[in-house]
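Trainee: Any chance you could fold what I've pasted below:
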Amino acid sequence: MMKITVSPKPQKFALAMEDQWHIAVGHKIYVGNYIFCVTPHTEQIRISEVRSGAMLFSVPYSEKLLNQTANKESAMKLFYRIGGLIEEKIQRVSGFYKQVVYMSDLSKERLGEKPSECFEHVVISSVENYLYFGKE
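Mentor: The predicted structure is shown next:
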C-alpha cells in the first residue's frame, strides 16, 4: 500500500493542454513517490500528474460531489479518497513511471518548457483538449 498525503494549502499548477500550458489552482496529492494535483474546473474535477501536467482522469460534478466539497474538511476527505483511486490506477498500469517520463517529454515537445511561474487561475470548461495518459 502506498502512502497518500494531501496538502491542505491550495497552490498553482501548470496543466498540459494540447496547444499550451494552462494554470489552475488546486491541491497536491502525494501517492507513493508520485505527485498529483486535483484542480476544480467548470464541469469536473481534474486529477493530473504534476511532473508532466498530463491528466490522469477527471470526475464530473454531481450533486453528491458538490456536497463533498462544500467545506474544506469534507473536500480533504474526498481528496484522500481520490488518492486511493490514483493508487489503484498506478498499480494497474504496467510501467507507470515510464509513462510519466513519456508524458513529460511529450508535454515539453508539444508545449515547450513547463512554466516555472504561475500567474493566474485559468478556468477550463472541457476535458477534450487535455494531454492525458493513454492519449497521444
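Trainee: Please make it C-alpha for all contacts and neighbour counts, starting now.
Mentor: Fine.
Trainee: which is the next helix or strand following the strand or helix carrying Ile45?
Mentor: Using DSSP states H and E, Ile45 maps to strand 44-49. Elements were assigned by DSSP H and E; along the chain past strand 44-49, the next helix or strand is strand 55-60.
Trainee: orientation of that following strand relative to strand 44-49 in degrees?
Mentor: Relative orientation of strand 55-60 and strand 44-49, computed by axes from the mean of the first three to the mean of the last three C-alpha atoms, to 10 degrees: 160 degrees.
Trainee: Just the C-alpha atoms of strand 55-60, please, in PDB.
Mentor: Provided in PDB are the C-alpha atoms of strand 55-60 (Å, rounded to 0.1, in the frame of the first residue of the first chain):
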ATOM      1  CA  MET A  55      -4.500  14.400 -16.900                       C
ATOM      2  CA  LEU A  56      -4.800  11.000 -15.300                       C
ATOM      3  CA  PHE A  57      -8.600  11.200 -15.100                       C
ATOM      4  CA  SER A  58     -11.400  13.500 -14.300                       C
ATOM      5  CA  VAL A  59     -14.500  13.300 -12.100                       C
ATOM      6  CA  PRO A  60     -17.700  15.100 -13.400                       C
END
